[in-house]
Structure formats: structure tokens, C-alpha cells
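>>> after the sequence you'll find the predicted model.
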Amino acid sequence: MRPRPLALLPLLIACSDYEYAELTKTEVFQQPDADVSADVLFVIDNSASMAEEQAQLAANFAVFVEALQDSNADFKLGVTTMDPNDGGVLTSEPLTRDTPALGEAFSAAVQVGDDGDRDERGLEMALSALSGANPGFVRDGAKLNVVFFSDEDDHSPLSLQDYLDALARLAPERDFSAHAIVGDLPDGCSSGTAAANAGARYIEATELSGGYLDSICSESYANILSRIGLELAGLIDTFSLERLPDAETLIVWVDEAKIPNREVDGWTYSPGDNAVVFHGRAVPRAGMTVYVEYRVLTGGAEAPAEEPAP
């Protein structure tokens, strides 16, 4: 049974030189249940040394698929390489909600091999893929997203702004975002599964278009794939609070389920945003109701919290 929203309980306690007010507050949020459309192109580096990174991308794709399939989103996914010899042609037929075994199909599509040209041209191949190499991929009314995945920077001949302008013109109402999983600034990165030069042009593309960014040297790509998937699905994972809480007293429910406070498949509190942030499979799906109860303190000492009765 879901928690009963509690009435505000003001308690005024006199102190030597000031007073403080203590309130128990319950906030109620609704996860959007909107019909949205999105076209997503993954542009994958297929030069030497990319096999392990591609396998990791494929292994983390489940969270991306789950976010989309648990929504009303109308989506289309395509994959191409950064090899100019491939001309931006998709590696398979576009994938949609109706594709059988979607997760397995995408995992196969993104493992494009590592025998491609070392002259990686991600931006140019993205533009080629979307402007002529694959007629009909870009749909009217669908937000356009491009995800770049590489251990090198972009070597395309035109300026970054030229490519961003051209890609935005392809999108309805210029609704376009670039996302990237690339090497870190300023000098790249290395880990047990990857070594990469800094992907400076891709990083700037995400900043200019409002996209998401992660390091190709991360232990997992699940976080960025989940964030992209949620955005495409019209879902949110962050719920801003009206008042500043005593973080130790926060209790979070989604519908009738109490959600644990943890970074894996749970929620955490972000002080900078004054928000509850959901992670992984704990992110509320379309139409679900979120209840956040907490104690508001203004000055003075803290009192122990009481858990609400379900």
C-alpha cells in the first residue's frame, strides 16, 4: 500500500537566541506518460583496437532498451561506422519497438568490427547517413539524436559548427542533440578495457547541442545509455524538491513500492540540485506516482525521523 501523505506538523521550540521550525512534508510527483518520437543514429568507430569497447557497449544496451520499451515512445535506431569508405550506410535495417529480440539485434548491430579506416570521420558519416545514404530514416516530428562512440577525435574536414548546423537543419524544428562516449579532455584516458585520445570535437558537440557525455574508459556505459534512453522516452529521473530537506529523513516511494536509498537501482539525494535522483531500474516508468517524504529544518538541532506507515 502506498504511503499516506502526512499533514505538515509544525513544532516551534524556543532556543536561547532563536527559534527553529520543523516540518514533515510529503511531495507527490507524476512521471510523464507522453507520446514521443525519436530517431537515434549510433556512429561507431570501427578502426583497430575498438573490439572490446564495442562489446562493452553491446553488453550495456539493456538499460537503454528498457527505458524505451517501458514507455510510449515511437523510436527508430540505426547504426553506422566512422569509416568514410562505408559512406554512412546503416549496418542493418533500422531497429524499432517491433524488432524481434531488440536487445540482441542492437548488440549485434553495434559490434561493427575493428578493420575500418583509421581516418575516423564521425561527424561526416553522421551527416551522410542522415542526409542521403539511408532515405527515410529521419522522420517528420521525431527528435533527432546522434551518439558518437570512438577512442579518437573526429577527423572530418569541415568545421564542427558546419556539421552541427547541417544536422540541425535535418531535424524538425532543429530538435537535435549529439551525445558522445569518447576519450576525456585534455589528454585522453586509459583503463583496463580502453585507451583513448581526447574526443575534443565530439565533446564540444555535446555541449553545444545539450547532449550527454561519458568517458569511453568508464567501467560501464549503463549510466549514459540510461540517460539517453530516458530522454528519448520522455521520462525523467530527477525530481526537484520544494524545500531543503534533512537528507537523513528522506523516504521515497513509487506507487506502492518503497525504493532503497542506493546508487544501483535505487535513489540518491543531490544537494546541488535539491532533488531526488533515481538510478537504473528504479527510475519510475510512464504514469507512475512518486512520493517523497522528508523533514524540513530551519536552524536548530535535528530530531529522529519516523518512517511513514504504508
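Sure thing, it's come through.
>>> could you pull out the strands for the stretch 201-310 of the chain?
For the stretch 201-310 of the chain, strands defined by DSSP state E, counting those that start in this stretch occupy the ranges 213-215, 238-240, 251-254, 257-258, 267-270, 275-278, 289-298.
>>> now those strands as TSV including mean pLDDT and distance to residue 192?
In short, each C-beta sits where N, CA and C put it, glycine included. Converted to TSV, the strands of the stretch 201-310 of the chain look like this (pLDDT from 0 to 100; distance: least, Cβ to Cβ, whole Å):
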stretch	mean pLDDT	distance to residue 192
strand 213-215	97	13
strand 238-240	97	31
strand 251-254	98	34
strand 257-258	97	36
strand 267-270	98	26
strand 275-278	97	28
strand 289-298	92	37
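>>> next, format those as JSON lines and append mean neighbour count and distance to residue 80.
As requested, the strands of the stretch 201-310 of the chain are exported to JSON lines (neighbours: other Cβ atoms under 10 Å; distance: least, Cβ to Cβ, whole Å):
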{"stretch": "strand 213-215", "mean neighbour count": "20", "distance to residue 80": "20"}
{"stretch": "strand 238-240", "mean neighbour count": "15", "distance to residue 80": "32"}
{"stretch": "strand 251-254", "mean neighbour count": "20", "distance to residue 80": "37"}
{"stretch": "strand 257-258", "mean neighbour count": "14", "distance to residue 80": "40"}
{"stretch": "strand 267-270", "mean neighbour count": "18", "distance to residue 80": "36"}
{"stretch": "strand 275-278", "mean neighbour count": "20", "distance to residue 80": "32"}
{"stretch": "strand 289-298", "mean neighbour count": "20", "distance to residue 80": "38"}
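>>> tell me where the stretch 1-150 of the chain has strands.
Taking DSSP E, counting those that start in this stretch, the strands of the stretch 1-150 of the chain run over residues 11-14, 19-30, 37-44, 74-81, 95-96, 143-149.
>>> name the strands paired with the third one and say parallel or antiparallel.
Translated: strand 37-44. strand 74-81 (parallel), strand 143-149 (parallel) (DSSP bridges).
>>> would you list those strands in CSV and tack on distance to residue 117, mean pLDDT and mean neighbour count?
Formatted as CSV, the strands paired with strand 37-44 follow (distance: least, Cβ to Cβ, whole Å; pLDDT from 0 to 100; neighbours: other Cβ atoms under 10 Å):
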stretch, distance to residue 117, mean pLDDT, mean neighbour count
strand 74-81, 9, 95, 24
strand 143-149, 16, 96, 26
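>>> and residue 297, which of those strands is closest to it?
Among the strands paired with strand 37-44, the nearest to residue 297 by Cβ to Cβ is strand 143-149 (41.3 Å).
>>> and the next helix or strand past the closest one?
Sequence-wise, the next helix or strand downstream of strand 143-149 (DSSP states H and E) is helix 160-170.
>>> what residues are up against the most centrally placed residue in the chain?
By Cα atoms, centre = their mean, the chain has its centre lying nearest to residue 227, at 1.2 Å. Residue 227 sits next to 212, 237 when contact means Cβ atoms under 8 Å, 6 or more residues apart in numbering.
>>> need the pLDDT of residue 14.
pLDDT for residue 14: 34.
>>> again but with residue 23, I slipped
Among the per-residue scores, residue 23 shows a pLDDT of 87.
>>> now residue 107
Looking at residue 107, the pLDDT reads 87.
>>> isn't residue 160 right up against residue 205?
Yes. Contact criterion Cβ atoms under 8 Å: residue 160 and residue 205 qualify, at 6.3 Å.
>>> which one's more surrounded, the two?
A count of neighbours by other Cβ atoms under 10 Å puts residue 205 above the other of residue 160 and residue 205, at 28 against 17.
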